[in-house]
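In: 3D, please:
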Amino acid sequence: MNLKRTSIALSLAMTSLLSLTACQAKNTPGNAPGQGQAMESVPADDQMMASDFIASESSLGHQDKYEFPGLGLNFTLPQSLQDQAKNLDLGLFTDEMPDSKNPKELGHAQVLFKAMNEEEKKAVVKKVGTEYEDWFKGLKPLGALGVYKASMKDQLDELTSCDQHKILGESPDKQYIYVQSINSKADPAFIQDFQKTQVSLSQMEEYDGISAFYPSGLRKNVANIAPFKTVDINGKEFSSDQLSKNKLTMVNVFATWCGPCVKEIPELAKLHQDLADKGFGVIGVVTDTGEKSPGREESLEKAKLIQDKTKASYPFLVPDKGQMNGRLDGIDAMPETFFVDSQGNIVGDTYSGAHTYDEWKAIVEKEMAKLDQGK
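Out: Next up is the predicted model:
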C-alpha cells in the first residue's frame with residue numbers, strides 16, 4: 001500500500017465516544033487534527049496543544065495508485081488529475097463515519113475531491129478549534145469515490161456535496177454500494193477526466209469500529225516490534241533491547257495535539273510509578289515528532305513541555321524509521337495502546353482511547369496474569 005504517511009487528513013465528524021476519549025490521527029487519512037474533545041478530569045495547559053499547520057498538507061497528494069484494502073477500493077487517476085494532485089490544485093481528502101444506528105458497522109467511507117486555489121493551498125490554520133473545518137468547508141467540491149451503506153443511497157447528495165452519482169458495484173452481501181459522485185457545477189474538464197478514473201473493487205476488510213481506511217486487521221501480521229533503534233524527545237538513544245528490563249511494557253501511542261492523549265498521561269505516569277516493582281514499564285511514542293512530520297521541531301518542544309508538566313518519568317520516543325516493525329502503521333485514532341513482553345513480542349489486546357488510572361490498573365493486571373499463564 002503506497003499511501004502518504006505524513007499527511008494530516010480529514011474527518012468532519014466522529015462518534016461521541018471517540019471524541020471524548022480519543023483523537024483521529026493526524027498522520028493518516030480520515031481525520032482532522034485536534035478534533036477529539038478533552039476529558040475534564042485531568043488539567044492540561046493550552047500551550048501544549050496550540051500550533052499551526054498548512055491546511056493543504058491534509059490532502060493525500062499524488063499517488064500512482066490509491067489503494068484502500070479496508071474498503072475493497074482501489075483507483076488510478078488519469079495523468080491530468082495526477083498532475084493536479086501533485087501541485088495541490090486538486091485535493092483528495094478522506095472522510096468516514098460508523099453507522100449512526102449501529103456504531104459497530106461502517107456507515108460510509110469516501111475520498112472527497114476538492115479544488116484549491118493558491119490562497120487555499122497556502123492557508124495556515126490551527127490544529128485546535130474550527131479553523132481547519134472552516135477552511136475545508138470553503139473548498140469547492142468536485143467529486144467523490146466511496147463506499148456507503150445501501151440504505152444511505154438517498155443521502156449521497158448531502159454526504160458527497162455532489163448531485164450526480166454512478167453506482168460502480170456492491171458488496172457480496174449487498175449491504176454496501178460503491179459510488180462515483182460528480183458535482184455538475186465542477187469544471188467540465190475535471191468531469192471529463194474524473195470519469196476516466198480506473199476503479200477496481202475487492203472484498204472489504206472487516207470493520208474494526210475505528211477506521212475503514214486503515215483497519216486494525218492490516219496490522220495483524222505484526223507479532224514483534226523488535227528490533228528497533230530510535231531516540232527519545234531529548235535525543236537520548238533507546239532500543240528494543242531495553243524492553244528486557246520489564247516483564248510487560250505498555251506502548252502508548254499519542255500526539256501532542258491530541259487532548260485526551262495528553263490528559264491521560266498523568267494517569268500513566270502514576271501507573272508506571274506504582275507498578276514498576278512488578279516488572280511493568282511504559283514507553284510513549286509521540287507520532288508527530290517523526291522525521292517527516294510537519295512542524296516536527298515545534299512538536300518536540302511541546303512533547304518536552306508535556307513530559308515536564310505531567311511529571312512522566314518514562315521515555316517519550318520519536319518513531320523509528322521502521323515504525324516499530326510496521327506496528328505503528330495504520331493507527332487512525334489516538335491514543336492507541338498495546339503491550340509487549342521483554343522480547344518485544346506483542347501480547348494481549350489493543351486499547352483505543354484514553355482511560356482512567358483505575359481502568360488502566362485493571363487492564364495491566366489482566367495482561368500480566370495472561371502473560372504469567374503463557375496466553
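In: can you list the weak-confidence ranges in this protein?
Out: 1-51, 128, 215-221, 330, 332, 375 (pLDDT under 70).
In: where exactly do the helices run in it?
Out: 16-21, 46-49, 79-86, 118-122, 131-137, 156-160, 188-194, 259-275, 296-310, 357-372 (DSSP state H).
In: For Gly107, which of those is the nearest?
Out: helix 156-160 (9.1 Å; C-beta to C-beta). Where you see a C-beta, it was placed from the backbone N, CA and C, and this is true even at glycine.
In: Quick one: list the elements packing against the closest one.
Out: Judged by 3 or more C-beta pairs under 8 Å, 6 or more residues apart in numbering; DSSP states H and E, helix 156-160 is in contact with strand 106-115, strand 140-149, strand 176-182.
In: hmm, back to that, just name the most buried of the helices of the chain.
Out: helix 259-275 (a mean of 21; mean count of other C-beta atoms under 10 Å).
In: Who are the packing partners of that one?
Out: strand 23-24, helix 46-49, strand 248-254, strand 280-286, helix 296-310, helix 357-372.
In: Please repeat the previous calculation with a cut-off of 7 Å.
Out: Contacts defined by 3 or more C-beta pairs under 7 Å, 6 or more residues apart in numbering; DSSP states H and E place helix 259-275 against strand 23-24, helix 46-49, helix 296-310, helix 357-372.
In: Pull the residues that contact the longest one.
Out: When you say that, I think you mean helix 357-372. With C-beta atoms under 7 Å, 6 or more residues apart in numbering as the test, helix 357-372 has contacts from 247-248, 250, 267-268, 270-271, 275, 280, 339, 341, 347-348, 351.
In: mind redoing it with 6 Å?
Out: Leu248, Glu267, Lys270, Leu271, Phe339, Val347, Gly348 (C-beta atoms under 6 Å, 6 or more residues apart in numbering).
In: what's the closest of the residues you listed to Thr130?
Out: When the contacts of helix 357-372 are compared against Thr130 (criterion: C-beta to C-beta), the nearest one is Glu267, at 28.6 Å.
In: So which of the helices and strands packed on helix 156-160 is nearest Ser239?
Out: strand 106-115 (37.3 Å).
In: Now tabulate the helices and strands packed on helix 259-275 in a markdown table and tack on distance to Pro98.
Out: Converted to a markdown table, the helices and strands packed on helix 259-275 look like this (distance: least, C-beta to C-beta, whole Å):
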| stretch | distance to Pro98 |
| --- | --- |
| strand 23-24 | 13 |
| helix 46-49 | 26 |
| helix 296-310 | 29 |
| helix 357-372 | 23 |
